[in-house]
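**Student:** below: sequence and its predicted model.
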Amino acid sequence: MTIWTKLECLQGEFSDFYKEVHGFRPRWMTDEQWDSEEWLEAAIEDLVEESKQEAEREAEWRATNVVRFEQRVQEIIEYGAKDRATALRWIIDGENDIDYVEYTNGLPYGYLKEAA
């Protein structure tokens, strides 16, 4: 059984959290920073705030995408779909995959299953 020091735990937590937020592991800090519990604790707090801000930006982006997608659905209804369900079916059939439609339109996962 391995017993981790507080410093090792902070290093692991920082590295994992940084990767979660940025998509890659940090490799830019100095040895002094990497070996400082105080610096790592402050950096983790900064990542928490950065993560919250990114979540807010993503929520706004997805909400904008929902509005755009619903405008597209309305356009398809105007072009001849008899109702919303038909318009959604046409869109999904055109892409052959409901998850792909959500992904390519930046919709929240499961949106079309709930909206249909």
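**Tutor:** Arrived safely.
**Student:** what about the longest helix seen in the chain, distance to the chain center?
**Tutor:** Looking across the chain with DSSP state H, the single longest helix is helix 37-78. Remark: helix 37-78 is offset 7 Å from the chain centroid, using C-alpha atoms, centre = their mean, to the nearest Å.
**Student:** where does Lys19 fall, secondary structure wise?
**Tutor:** In this assignment (DSSP states H and E), Lys19 forms part of helix 6-22.
**Student:** after that helix, next one along is what?
**Tutor:** Using DSSP H and E, the helix or strand that follows helix 6-22 in sequence is helix 31-34.
**Student:** residues in contact with that following helix?
**Tutor:** For helix 31-34, the surrounding residues in contact (C-beta atoms under 8 Å, 6 or more residues apart in numbering) are 11, 39-40, 43. Backbone N, C-alpha and C define where each C-beta goes, glycine included.
**Student:** quick check: buried residues in the helix holding Lys19?
**Tutor:** 10-11, 14, 17-18 (16 or more other C-beta atoms under 10 Å).
**Student:** can you give me the pLDDT of Lys52?
**Tutor:** Note for Lys52: predicted pLDDT of 97.
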